[in-house]
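Trainee: Okay, sequence plus prediction incoming.
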Amino acid sequence: MTSPLLFALDPSDPLRAGLAAAVGAERGEIETRRFPDGETYLRYASPVAGRRVILLCTLDRPDPKVLPLVLAADAARDLGAAEVGLVAPYLAYMRQDRRFRDGEALTSASFAALLSRPLDWLVTVDPHLHRIANLSERYRIPAVATHAAPLLSAWIAREVPNPIIIGPDEESEQWAAEVARGAGAPHLVLRKVRHGDRDVEVTRPDAAALSGRTPILVDDIVSTARTMIETVGHLRAAGAAAPVCIAVHGVFAERAHDALLAAGAARVVTTNTIPHVSNGIDVTALLGTTVADLLSQKRWQH
Ligand code: R5P
């Protein structure tokens, strides 16, 4: 069988070459531009008929990316691709997973329905699964969530002596505990109340547990960084060493990265699911193995 064809919606995507190599895919070229009226022009410069097509598109700041992605998936199918899968290292719209107030849009469901229609499968890294346990509760296609926790553990074990892992809220318990186990470190989980997009309250950690240890804050997403900034403040007030902040996905809304460093984080480290200066943990091999495995099983049917 011919090798799959991998297209990056952003041709400068830093994961493009490594992922193609890890999957054993050929790199394809896709041309996109904006018409003067703002609509999207899209053309496959590499023929896709009969080929297994992999689209690579990380979905931070998703709204301008999603329509070109859907158009690309539809066009590949229309041009006779044998199948069309998506590698979205960061999967957006997972946090609005219930109606918090009457009348709200359940955007995690709408977004999943939108992507499920033109795609055969999807692979991502640590989607925000909290009130829903599995991507299959939203996506109608095989949707595989890979886990970066072992990579985070290995980074911590290599870089930080005497760490203690801190999850800033109940939602982080799942990955804080796993990261701690892998790093051979203790962990504790705080409680958080979110009053608004940029207004969060986090409980204070027990100072005795921190003695002689370097606190490592671990979360899946850092967006406004308010969750981490609030926690860093408590840790510094408790006399702890300057914490290291690690997130799988560094979304960093506005000037969140600068604000987190200014709040007293010793280091801020993220995986490269979203390109950012803080990227220090590489997920290419993790994604490559997962995609290669999925393609070899061919267990989906559109
Ligand atoms: C919460 O649901 C997530 O796990 C993160 O704690 C949250 O997304 C962080 O958001 P922010 O950086 O805006 O506080």
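Mentor: On my side now, so go ahead.
Trainee: just checking, next helix/strand downstream of whichever helix or strand Pro64 is part of?
Mentor: Following DSSP states H and E, one finds Pro64 within helix 63-78. Downstream of helix 63-78, the first helix or strand assigned by DSSP H and E is strand 83-88.
Trainee: and the angle from that next one to helix 63-78?
Mentor: 160 degrees (axes from the mean of the first three to the mean of the last three Cα atoms, to 10 degrees).
Trainee: May I see the buried residues of strand 83-88?
Mentor: For strand 83-88, burial by neighbour count (16 or more other Cβ atoms under 10 Å) applies to 83-88. The way it works is simple: take the backbone N, C-alpha and C, and place the C-beta from them, glycine included.
Trainee: Then stretch 234-250?
Mentor: Using 16+ other Cβ under 10 Å as the test for burial, stretch 234-250 gives 234-236, 238, 240-241, 243-250.
Trainee: now check it, is it near the ligand?
Mentor: No. Using Cβ under 6 Å from any ligand atom, stretch 234-250 stays clear of the ligand, coming no nearer than 8.1 Å.
Trainee: which ones are touching the most centrally placed residue in the chain?
Mentor: Centroid check for the chain by Cα atoms, centre = their mean gives Tyr90 as the closest residue, at 3.0 Å. Residues near Tyr90 by Cβ atoms under 8 Å, 6 or more residues apart in numbering: 58-60, 124-125, 249, 251, 273-274.
Trainee: List the strands paired with the biggest strand by length in the chain, with their directions.
Mentor: Secondary structure of the chain per DSSP state E: the longest strand is strand 214-222. Sheet pairing for strand 214-222, assigned by DSSP bridges, gives strand 163-167 (parallel), strand 244-250 (parallel).
Trainee: can you give me how far the first one is from the chain middle?
Mentor: Read that as strand 163-167. On the basis of Cα atoms, centre = their mean, to the nearest Å, strand 163-167 is displaced by 20 Å from the centre of the chain it belongs to.
Trainee: can you check stretch 93-102 too?
Mentor: For stretch 93-102, the distance to the chain centre is 18 Å (Cα atoms, centre = their mean).
Trainee: just stretch 282-293 next, same as before
Mentor: 14 Å.
Trainee: List of residues touching it?
Mentor: Contact partners of stretch 282-293, identified using Cβ under 8 Å, 6+ apart, comprise 15, 18-19, 21-24, 54, 85, 87, 89, 123, 125, 144, 146, 148, 151, 271-273.
Trainee: How about stretch 63-72?
Mentor: 7, 9, 30, 32, 40, 42, 55, 57, 59, 86, 111, 114-115, 117-118.
Trainee: Pull the most distant pair out of the residues you listed.
Mentor: The span of the contacts of stretch 63-72, defined through Cβ to Cβ, is set by Ile30 and Phe111 at 22.0 Å.
Trainee: what's around the nearest residue to Ser172 once chain neighbours are set aside, how many residues?
Mentor: Among residues not flanking Ser172 along the chain, Asp219 sits closest, at 5.3 Å (Cβ to Cβ, 6 or more residues apart in numbering). Counted with other Cβ atoms under 10 Å, residues neighbouring Asp219 total 23.
Trainee: How much space separates Asp219 from His128?
Mentor: Per Cβ to Cβ, to the nearest Å, Asp219 is found 10 Å from His128.
Trainee: now swap in Pro118 and tell me
Mentor: 23 Å.
Trainee: Likewise for Ser278?
Mentor: Remark: distance between Ser278 and His128 (Cβ to Cβ) = 19 Å.
Trainee: Might you enumerate the residues of the stretch 151-300 of the chain proximal to the ligand?
Mentor: Counting by Cβ under 6 Å from any ligand atom, the residues of the stretch 151-300 of the chain that sit close to the ligand are 169, 171-172, 200, 219-227.
Trainee: Pull out the buried residues from those residues.
Mentor: Listed as buried from those are 169, 171-172, 200, 219-227; burial here means 16+ other Cβ under 10 Å.
Trainee: Can I get those residues in CSV including pLDDT?
Mentor: Shown next, in CSV, are those (pLDDT from 0 to 100):
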residue, pLDDT
Asp169, 89
Glu171, 84
Ser172, 87
Val200, 82
Asp219, 95
Asp220, 94
Ile221, 95
Val222, 96
Ser223, 96
Thr224, 96
Ala225, 96
Arg226, 95
Thr227, 94
